[in-house]
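**Q** Return a 3D structure for these sequence lines:
(chains A, B and C)
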Amino acid sequence: MLLWQTSQTINFAQGEFVMLPAFFVLAAMKFGGLSFPLAMLVGLAVALLVLGLLFKRLVVDPIIRHGVLPLVISTIALAILLKEGVKEFYAADAQPFPAAWATTNLEIAGAAISVQSLVIMAVALVTVGLLQYFLAGTATGRRMQATAQNPALARVLGIPVKRMILYTFLINAALVALASFLVSPIYLAKFSNGETLGLVAFIAAIVGGFNQVKGAIVGGVLLGVIDNFVAAYLSAQYRAAIPLFLLIAVILFRPQGLLGRVEERTV
Amino acid sequence: MMKKLAILVAAVALIAAPFGLKPYGIYLLSLWAVMTIAAIGLNLTLGYAGQISLAQGSFVGIGAYIAALLTTQGWPLGLAFAAAIVLCFAIGWLLGYPALRVAHHYLAFVTLSFATLVFLVLRNEEWLTKGVYGISGIPRPTLAGWSTKAPLDFYFFCLLILALVAAAAGWMIRSPWGRAFTALRENPIRASSLGVDTRRYTLMAFAIGSALGGIAGVLYAPLVQFIEPTAFALGLSLNLLLMVIVGGAGRFFGPFLGAAVSVLLPEWLRFSEGLYLMLYAVFVMLLLAFCPSGLLGLGARARKSWKPSSKSAN
Amino acid sequence: MRSFVSVVLALFAVGAAAQQTVNMPIVIELSGAGAVSGTNFRDGAVLAIDEINAKGGILGRKIVAPQSDTQSNPGISRAQVQKAIDSDPYVILGPVFSGSVKVNMVLAQQAEVPQITGAEAAEITQMGNPYIFRTSFGQQMSMPKIANYIRDGLKAKTVAVLWVNNDFGKGGRDTFTKEMAARGIKVVADVPTESGQVDFAADVVKLKGANADAIFVYTNEEESARFLREARKQGVTKPLIGETTLLGQKVIDMAGDAANGARGHVGLSADAPVPAVLAWKQKFLKRFGYVPDHNGIKGYTGVYAVKYATGKIGKFDRKLLAKTLHGLTITPKQEPGILMETTWDAHGDIDRVSFLAEVVDGKQKIVQTLPKLGK
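**A** All right, here's what the predicted structure looks like:
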């Protein structure tokens, strides 16, 4: 499983952000009577609006001027709000989420491989490729990176900083929506899923390097492999601890991440 | 002068409060006292020294398990206090080391990892902690012939410990130590250039805050009389963090107010059913957006804006 | 919304008949990890209470049932039970979580208030508390049944266990392992999983590697469904055996096709081939708009058991009620609301018929009805 974190904002509600779009889709199908593909589009649009635009305007903008710490705490509160909101207004129990593709297995050389995993991997790779191309290969993408690394300098260079930051939030919203649609058929849509997902996303991002898309992906893959390896061959009881040890080790000894470059910015 | 009077009134109110309340009300008041102690500890770490910690609940857990394990074996609770203070101080000191290297959200994640780890150990090391089954039948202490078995007596016992902790914390904040903590939060570079040993004080802020968490835990175990690991999972740490923020981080009476809001709020907002956590979350976010110094900060601001206008009215 | 209506109704009832009421507080998991089970239990109890009140109440007194949420947290459940006890209750209904019950059953015992719980952990009725009563099988009753099935029905020599690492799962796993040892069946893989876990890939790999004759799955609802999906994905062919939860309609709905073929023992089921249960299910669906699970039956029958026993005593006496319930058998003929013939033993444990079931085409199909243990 891969989850991404490109925006430079610290968001403790990221897991809830992944949980939520699946419910937008379910709500659109249940109350709007829309078909699944149409509902997915609606879900994506709502995600962009709520998790991108509104999140930035209503939560980040008013608080970031007080510093990073209040924002961290505010997103913790936001996570509670989203979780409780889904539980109260949609459902407390897990919901099956339709898959956009076949759920059959392919028999390849005797091993069963599910189509689902293949689709997820394919979509993930394509998305990563596109994102990488966008950030490094287009003018807007490079401007966004410049903004993230040094807003003041970017402004001097005539980059519309505000718009670039908004783009970052929108891309983040689109990515969480995509991740949501990919994982929900397997994990089921449940209000409390965000707790598990958010942690994984963050560890992946930190281990790989906060300022690098590539890093987050390497982090994600590494984490997935280690997690499964530990659960299968070492102690399943302490499974949850291993990624955390990895996290602490990386934070202490290589805070820029495994692939990250050293930033001229204190974190 | 006014302040001293206010404290006196509050103290009298706290002593008078449980009379006329049923055991449930007294239980809530006791819980408030326990949570306030833990929040005072976190306030030292977060509010005065400026180090975020998502592991305060774990220290409450460590304290609670020490108390449960010792007192169910017949040892006195006093020993549990001593053991919890020493152990939590030591672990808190060690946990402070990452804070020397990283800050903010990185530190949040290190402490979060620690909180998860403590939960896993409490759950998995069954030989020691009885794992998921928890420990039941934790006795309430008897002090020099005074049995605290009844809810009212135990409340006064909690209140007594709270008063001692508050007095110690108050003294410390006024001492050179407290001023060093604040200097650390405001401007670490300047603090070190002025000769403050930032290393030592950062570790100290963590260690003392953690020890207070341990004290709260030692009280928590005989209050609830049953403990199990999930009570000390991340949720409690987050809850304590919100208490400190809501009350007013870095303000002495912040934790008192924050713990009151957190413990009593579900009771006040009963009419809203499941919505109360959402209301709480929205409230926290609004508070952070408009007044990050918490409810006490809000009060101070209101007083300030009220004073000039009252003068002009005169 | 539903709960809001019932609270308003309850308040109304307080005002209307302050003198003529009997207080039966519901202390239950309405939020947190136990929200699904708790809500089912609560709604089942509310359904029974409204029916009884519509017919004039118990011995002419209307039931008042204030609700409080334990948030699935034992500490809070203790506070809420304390609060319930302060209001001088006749009985306390709930909670469902074994951990919570273990905290607060002591309080109810001290106050001599009978407590009708939905919890299943074995040790609850083994602490010598004369005021605790189950509404479903404890694990020490259900595990022997499943063990017999694995030995006689499947003729398995080895078995793998996947369990959720909380007090429910651990208690079940410990009891199950003991029963397996008693029958000479070897447990070749012992896989703990986390509550709320979403990714079961590694666990399934481990189970496949163990190559046992059967796989016993003992987790909560959502985890069961996720596991079933992952097992199907990885092409697990060995029989998947469960106890009540794995075969619940909710799990089947969530797991989709992947649930087909799962089988096992069902202690209590909203899908039991008993006309009274099926009629009850329809009634529940109509009132609350969702299909109940066995926790709904627990709440519903629990209230009716109190009603019947109280009617038998002829007055409201908590101590006498507890005494009467011990060793009591209630048949549907005597009290239709009990749905199935039920016996409480001296510990507060329950005995009733139970079922062997299999999931066929997305529906729980009862294969065999197992008689009461006491017969």
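**Q** What segments of the stretch 201-314 of chain B are strands?
**A** For the stretch 201-314 of chain B, the strands defined by DSSP state E, counting those that start in this stretch cover B:226-227.
**Q** Looking at it, which residue is nearest chain C?
**A** Residue nearest to chain C within the stretch 201-314 of chain B: B:Phe226 (4.1 Å; CB to the nearest CB). Glycine gets a C-beta too; all of them are placed from N, C-alpha and C.
**Q** tally of neighbours for that residue?
**A** B:Phe226: 23 surrounding residues under other CB atoms under 10 Å in any protein chain shown.
**Q** list the contacts for it?
**A** Applying CB atoms under 8 Å, 6 or more residues apart in numbering or on different chains, we find B:Phe226 in contact with B:Gly134, B:Ile135, B:Ser136, B:Gly137, B:Ile138, C:Pro74, C:Arg78, C:Lys102, C:Val103, C:Val106.
**Q** Please apply the same query to C:Ala119.
**A** C:Pro95, C:Val96, C:Phe97, C:Ser98, C:Ser100, C:Val101, C:Arg134.
**Q** Break chain A into its domains for me.
**A** Chain A breaks down by automatic domain parsing into domains covering A:14-191, A:192-260.
**Q** how about these in a markdown table, adding mean neighbour count?
**A** Listed next are the domains of chain A as a markdown table, based on neighbours: other CB atoms under 10 Å in any protein chain shown:
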| stretch | mean neighbour count |
| --- | --- |
| domain A:14-191 | 18 |
| domain A:192-260 | 20 |
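**Q** which one of the ones you listed lies closest to C:Glu123?
**A** C:Glu123 lies closest to domain A:192-260 among these, at 21.2 Å (CB to CB).
**Q** Residue numbers of chain C in contact with chain A?
**A** Of all the residues in chain C, those in contact range of chain A (CB under 8 Å from any CB of the partner chain) are C:31, C:33, C:35-36, C:39, C:165, C:191-194, C:196-199, C:201-203, C:205-206, C:209, C:221-222, C:225-226, C:229-230, C:233-235, C:250, C:253-257.
**Q** remind me, longest helix of chain B?
**A** Secondary structure of chain B per DSSP state H: the longest helix is helix B:198-224.
**Q** If you count contacts, what does that one end up packed against?
**A** Secondary-structure packing of helix B:198-224 (3 or more CB pairs under 8 Å, 6 or more residues apart in numbering or on different chains; DSSP states H and E): helix B:23-42, helix B:56-72, helix B:77-101, helix B:151-174, helix B:176-186, helix B:188-193, helix C:74-86.
**Q** on that earlier part again, among the contacts of B:Phe226, which one sits closest to chain A?
**A** Among these, B:Gly134 lies closest to chain A (CB to the nearest CB), at 16.9 Å.
**Q** Who are the contact partners of the closest one?
**A** B:Gly134 neighbours (CB under 8 Å, 6+ apart): B:Phe226, B:Ile227, B:Glu228, B:Pro229, C:Pro74, C:Gly99, C:Lys102, C:Val103, C:Asp167.
**Q** what do you get if the cut-off is 7 Å, keeping everything else the same?
**A** Applying CB atoms under 7 Å, 6 or more residues apart in numbering or on different chains, we find B:Gly134 in contact with B:Phe226, B:Ile227, B:Glu228, C:Gly99, C:Lys102.
**Q** C:Val96 - that's part of a strand, no?
**A** No. Under DSSP: H, G, I helix; E, B strand; the rest coil, C:Val96 sits outside any strand and is assigned coil.
**Q** Find out how far the helix or strand that contains C:Val187 is from the centre of the chain, if you would.
**A** Assigned by DSSP states H and E, C:Val187 falls within strand C:186-193. Centroid displacement of strand C:186-193 relative to its chain, using CA atoms, centre = their mean, to the nearest Å, is 24 Å.
**Q** ditto for stretch B:150-158
**A** Stretch B:150-158 sits 19 Å away from the centroid of its parent chain (CA atoms, centre = their mean).
**Q** Please apply the same query to stretch A:122-132.
**A** Centroid separation between stretch A:122-132 and its chain, computed with CA atoms, centre = their mean, is 14 Å.
**Q** can you list the weak-confidence ranges in the stretch 101-250 of chain B?
**A** Applying pLDDT under 70 to the stretch 101-250 of chain B flags the ranges B:103-105.
**Q** Skipping adjacent residues, who's closest to the residue in the stretch 151-267 of chain A positioned nearest to chain B in space?
**A** Distances between the stretch 151-267 of chain A and chain B by CB to the nearest CB are smallest at A:Leu244, namely 3.7 Å. Spatial nearest neighbour of A:Leu244, excluding adjacent residues (CB to CB, 6 or more residues apart in numbering or on different chains): B:Ser113 at 3.7 Å.
**Q** And for B:Ala205?
**A** Nearest residue to B:Ala205, sequence neighbours excluded (CB to CB, 6+ apart): B:Ala49, at 3.4 Å.
**Q** Per-residue pLDDT of the one you found, please?
**A** pLDDT for B:Ala49: 80.
**Q** Residue numbers of the stretch 1-150 of chain A in contact with chain B?
**A** Proximity of the stretch 1-150 of chain A to chain B, by CB under 7 Å from any CB of the partner chain, involves residues A:10, A:59, A:62-63, A:66, A:68-70, A:72-74, A:76-78, A:80-81, A:84-85, A:88.
**Q** related to what we said a few turns ago, most neighbours among the contacts of C:Ala119, which one?
**A** For the contacts of C:Ala119, the largest number of neighbours (other CB under 10 Å) sits with C:Pro95, at 34 neighbours.
**Q** List phi and psi for that residue.
**A** Note on C:Pro95: backbone dihedrals following degrees, to the nearest 10 are phi -80, psi -170.
**Q** Compute the distance between it and chain A, please.
**A** In this view, C:Pro95 and chain A are 16 Å apart by CB to the nearest CB, to the nearest Å.
**Q** Same check on B:Ile66?
**A** B:Ile66 is 22 Å from chain A, by CB to the nearest CB.
**Q** same check, this time on C:Leu154
**A** The value you get for C:Leu154 to chain A, if CB to the nearest CB is used, is 23 Å.
**Q** Run through the bridge partners of the closest residue to that residue other than its chain neighbours.
**A** Once flanking residues are discounted, C:Leu154 sits nearest to C:Ala214: 5.4 Å by CB to CB, 6+ apart. Bridge pairing for C:Ala214 (DSSP bridges) gives the partners C:Val159.
**Q** For C:Ala214, give me its contacts.
**A** C:Ile150, C:Leu154, C:Ala156, C:Val159, C:Lys238, C:Pro239, C:Ile241.
**Q** Restricted to strands, list these.
**A** Here DSSP state E is the test, and the contacts of C:Ala214 give C:Val159, C:Ile241 as lying in strands.
**Q** tell me which of the contacts of C:Ala214 is nearest to B:Trp75?
**A** Set against B:Trp75, the nearest of the contacts of C:Ala214 by CB to CB is C:Val159 (42.6 Å).
**Q** Need the phi and psi values for the residue in the stretch 151-300 of chain C positioned nearest to chain B.
**A** In the stretch 151-300 of chain C, no residue comes nearer to chain B than C:Asp167, which is 4.4 Å away by CB to the nearest CB. For C:Asp167, the backbone dihedrals are phi -70, psi -30 (criterion: degrees, to the nearest 10).
**Q** Before I go, just wanted to say thanks for your time.
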